[in-house]
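Novice: Pasting the sequence and the predicted coordinates here, then a few questions.
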Amino acid sequence: MKHVVSISDLSKKQILSVLKRAKELVPVAKGKKKSKSLDGKILATCFFEPSTRTRLSFETAMQRLGGTCIGFADPSATSHLKGETLVDGIRMVAGYADAVLLRHPQEGSARLASENSEVPLINGGDGAGQHPTQTLLDLFTINEEMGKMEGLNVGMLGDLRYGRTVHSLSHALAKFNNKLSFISPDSLSMPSYVTDDLSCEWSSHNSIEDVLNDLDILYVTRIQKERFPDLEEYKKVASAYIIDSDLLKNAKSSMRILHPLPRVTEISTDVDDTKHAAYFRQAFNGVPVRMALLEQLIGGEK
Amino acid sequence: MSDNLMRVQPIRNGTVLDHIKAGRGRKVLDALDLIDKGTTITLLMHVPSKKNSSKDVIKIEDRELSESESQKLALLSPGAHVNIIRNFVVAEKNVAELPESISNVAICSNDNCISNNERGAKTKFNIIKGNSLSIQCVYCGRKIAQDNIIFI
């Protein structure tokens, strides 16, 4: 494993190995145990568009393992504005660090960058494309919450058309032989270029009530206002896909809700205190998972 | 064959693209950017053929195909024949075969793909052979069906 651009770059074995190591690193991620496994290593974090969770969790991961970070949180202070190409920028920064984390608004930017980086390049999200470390932490969370990540009935709700997290996660969950239920309005349904490649059982639904009582995991995504030309239409659609504690009375008691965050109104705050809410633990899981990945990419000997 | 020869004169030097899928000839002409180059071009459409029921044929005088032109031909009509003519004789006979991937031959239809936005970036696609032919952008992953390919 040199670069991590797409979750499909990782074999099932590599995914399992990252998740296993992430589990061991949880006490370190929480600051209860110390590690120096990345002592002296530098991660360059290049954010050509803003991100909070991805950037902060990578920085925490690096520092918990004794490494440091350089980089920028938005491109306004870089030579990108002077017209520097991405390739030039990456070649330069690869000379300053042991690995590069890239977040960029255009699809395919991470693949192009990886072709021009001498050090491992990690895709931290490329437009509507891939976000493999999100997928890894989603898998880790499912495994932690359910004690397994195969043979589960996983529902995905909300914007399935533009939501990159649900695309990558669907592929990954299919590898582990789960059953997928896609719940969305027709206008935001899972694209055929995703479903065509799924090797597992899946089904599409307009209403959450159709499948809720069968689900082991409900993965909720935000329906973005920008996707609707008509504000009234947005309000109508968004209000039809709200999860609240009342609705969850029909769910299995072991059912867990995940969300890549930030959430707006799609999960009512009264769900936060129920046993179903796993999304804040999921956000934390980004730290040990990214620690494990960084160790494998630049850790060298243990 | 003799019927076909009656229709057009043989060429002294150049290239004959034979066994093009019937009806695809015009697209091939456009994709290979053959018109407006000053060379004499002959396009025959729906010529009776033994191999298939009919085919298109293009004769290009005084010119041979470049690598990327052969790839474009292969994408539009896999299996077409490329015959190089020198002094009225077929000097080389090749079949336009699909490569595994193509570079700088087509453009990605995703406006937000980095290959359309980065100065100096080359495009790259993997060829997906299946029931229907398509290409997939190596960068953004967009799949483009054979009929929708936009050539450079």
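Specialist: Structure's in. What do you need? Numbering: from 1, shown residues only, chains lettered A, B, ... in the order given.
Novice: Tell me if I'm right that B:A31 and B:S77 touch.
Specialist: No - counting by CB atoms under 8 Å, B:A31 sits too far from B:S77 to count as a contact (10.2 Å). In this view, the C-beta of every residue, glycine as well, is placed from N, C-alpha and C.
Novice: Settle it for me: which of these two has more neighbours?
Specialist: Between B:A31 and B:S77, B:S77 has the larger neighbour count (other CB atoms under 10 Å in any protein chain shown), namely 23 against 20.
Novice: and the more buried one, what does it touch?
Specialist: With CB atoms under 8 Å, 6 or more residues apart in numbering or on different chains as the criterion, the residues that contact B:S77 are B:H19, B:I20, B:K21, B:R24, B:V28, B:A96.
Novice: go with 7 Å
Specialist: Contact criterion CB atoms under 7 Å, 6 or more residues apart in numbering or on different chains gives B:I20, B:K21, B:R24, B:V28, B:A96 as the residues in contact with B:S77.
Novice: quick one: it and chain A, what's the gap?
Specialist: Here the distance between B:S77 and chain A works out to 25 Å (CB to the nearest CB, to the nearest Å).
Novice: Just the pLDDT for that residue.
Specialist: Looking at B:S77, its pLDDT is 94.
Novice: Repeat that for A:S79.
Specialist: On pLDDT, A:S79 comes in at 72.
Novice: Surely A:G127 and A:P105 touch.
Specialist: Yes - applying CB atoms under 7 Å, one finds A:G127 in contact with A:P105, separated by 5.3 Å.
Novice: tell me which parts of chain B are close to chain A?
Specialist: Contact residues (CB under 7 Å from any CB of the partner chain) of chain B with chain A: B:110, B:112-115, B:117-121, B:137-141, B:143.
Novice: Regarding chain B, what is its longest helix?
Specialist: When every helix of chain B is counted residue by residue (DSSP state H), the longest turns out to be helix B:67-76.
Novice: what's in contact with that helix?
Specialist: B:17, B:24, B:27-28, B:31-32, B:80, B:82, B:96-99, B:102, B:104-105, B:146, B:149, B:151.
Novice: Just those: which are in helices?
Specialist: Using DSSP H, the members of the contacts of helix B:67-76 that fall within helices are B:K27, B:V28, B:A31.
Novice: Among those residues, pick out the one closest to chain A, please.
Specialist: Proximity to chain A was ranked across the ones in helices among the contacts of helix B:67-76 by CB to the nearest CB; first place goes to B:A31, at 23.5 Å.
Novice: any idea how far that closest one is from B:I149?
Specialist: 8 Å (CB to CB, to the nearest Å).
Novice: Can you report how many residues neighbour the residue nearest to B:R119 when sequence neighbours are not counted?
Specialist: What sits nearest to B:R119 in space, not counting adjacent residues and going by CB to CB, 6 or more residues apart in numbering or on different chains, is A:T85, at 5.2 Å. Applying other CB under 10 Å, we find 17 residues neighbouring A:T85.
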